[in-house]
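Peer 1: Task: produce atomic coordinates for the following.
(one chain, ligands or ions: 1)
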Amino acid sequence: MIEKIVFATGNVGKIKEIQAILADLDLEVVSMKEAGVSVDIEENGSTYEENALIKTRAVAACLEKMGQREGTVVMADDSGLEIDYLNREPGVYSARYMGEDTSYRIKNANLISRLEGVEDDRRTARFVCAIAAVLPDGRELTSRGVIEGRIGYEEKGSNGFGYDPIFYVPEFGCTTAELNAEEKNRVSHRGNALQEMKRQLQRIME
Ligand code: ITT
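Peer 2: This is a model prediction of the structure:
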């Protein structure tokens, strides 16, 4: 019996999006912090899926020790921005690019400057998101979502988080930081990956 989802993320921007997308599952969705878990996780996998699984397993092990594993799905997201012109950098290192504590003002300005003089059609990029889940019985699930776009010429918009102000989506004529939360969740890498994970969970809960 699944009663609760504990989401293994310390990123406040992500947790807001995740709670909105999973709201219709009729399960309690809490962050690891709200579940009382504090653990330093070394994300040393080479793919988004591996890193997402590393996070879920670490948090599941903590909940087990706390005697709170029953009825709980532990879920995690690993995501990143791939810029084709930069050989798909920063990719799985997106959070660590230029240092974890460096502001996104600086990271975004740096990426724009690395693309100086690069024309529109060579500024292609994508956000990728892998979601991993570990079920109460130990089974593991993964899903993946992608949104294609281009790196802009300046930061635009103040919604979302991270690299959103420089991620321009030609289809919408704006960056993902100019979309409201609902619009972003409908089309984003995280939105797509979570919808797919939701379908897998719903089949299991039937
Ligand atoms: P957790 O590991 O605690 O979940 P994190 O921020 O370290 O948080 P990741 O390791 O998955 O998460 O790094 C993903 C980074 O990719 C994130 O910090 C952003 O810089 C970027 N990113 C991912 N999704 C994004 C989005 O929807 N909008 C903007 N930037 C995004």
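Peer 1: give me the element the residue of the chain found nearest the ligand is part of.
Peer 2: Using CB to the nearest ligand atom, the closest approach of the chain to the ligand is made by residue 162 at 2.6 Å. (Glycine included, C-beta is placed from N, CA and C.) Per DSSP states H and E, residue 162 falls between elements, in no helix or strand.
Peer 1: Assess the claim that it and residue 14 are in contact.
Peer 2: No: applying CB atoms under 8 Å as the test, residue 162 and residue 14 come out as separate, 9.0 Å apart.
Peer 1: residue at max distance from the center of this structure?
Peer 2: Taking CA atoms, centre = their mean, the residue of the chain most remote from its mean C-alpha position is residue 117, at 29.9 Å.
Peer 1: gap between the two ends of stretch 135-145?
Peer 2: When the termini of stretch 135-145 are compared using CA to CA, to the nearest Å, they are 20 Å apart.
Peer 1: for that stretch, what is the average pLDDT?
Peer 2: Stretch 135-145 shows an average pLDDT of 97 in the prediction.
Peer 1: Check stretch 165-172 too.
Peer 2: Here the average pLDDT along stretch 165-172 is 96.
Peer 1: Now do that stretch: distance from first to last residue.
Peer 2: 14 Å.
Peer 1: can you list contacts of that stretch?
Peer 2: 81, 104, 108, 111-112, 125, 127, 147-152, 154-158, 174-179, 183, 187 (CB atoms under 8 Å, 6 or more residues apart in numbering).
Peer 1: is any part of that stretch close to the ligand?
Peer 2: No: using CB under 6 Å from any ligand atom, we find that stretch 165-172 stays clear of the ligand, coming within 6.6 Å at best.
Peer 1: Equivalent analysis for stretch 27-40, please.
Peer 2: No: Stretch 27-40 does not reach the ligand (CB under 6 Å from any ligand atom); its nearest approach is 8.4 Å.
Peer 1: Over to that stretch now: how far is its first residue from its last?
Peer 2: End-to-end span of stretch 27-40 (CA to CA): 26 Å.
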